[in-house]
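*Asks:* Based on what follows, work out the 3D shape:
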Amino acid sequence: MSAHLHSSGALSGKNGVAQGRLIVVVMLNLLITLAELAGGMLANSLALVSDAVHNFGDTLSIFVA
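*Replies:* Residues are numbered from 1 along each chain as shown. Have a look, this model is predicted:
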């Protein structure tokens with residue numbers, strides 16, 4: 001029988017970097033979404049508010065990925 005090992009030593013550093021980048025992207029997208037929502041509400045702009053909702057959906061998609 002051959003030994004079958006699941007070693008993630010070389011990949012664990014890359015996964016940590018990718019996870020950190022994912023968190024940064026989600027936070028930036030949330031910041032943009034909140035700013036757009038606030039601007040849309042202040043300007044009474046349905047287009048900005050709807051785009052903020054769309055961006056929030058994108059944020060959820062990025063988070064799930």
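*Asks:* the bottom helix or strand of this structure by mean pLDDT?
*Replies:* helix 9-42 (a mean of 88; mean pLDDT, DSSP states H and E).
*Asks:* Nearest the middle, which residue of the chain would you pick?
*Replies:* Val26 (2.6 Å; C-alpha atoms, centre = their mean).
*Asks:* Secondary structure element holding the closest residue in space to that one that isn't next to it in sequence?
*Replies:* With sequence-adjacent residues excluded and distances taken as C-beta to C-beta, 6 or more residues apart in numbering, Val26 is closest to Phe63, at 5.3 Å. Bear in mind the C-beta positions are built from the backbone N, C-alpha and C, glycine included. Using DSSP states H and E, Phe63 maps to helix 46-64.
*Asks:* quick one: contacts of that helix?
*Replies:* 22, 25-26, 29-30, 32-34, 36-37, 39-41 (C-beta atoms under 8 Å, 6 or more residues apart in numbering).
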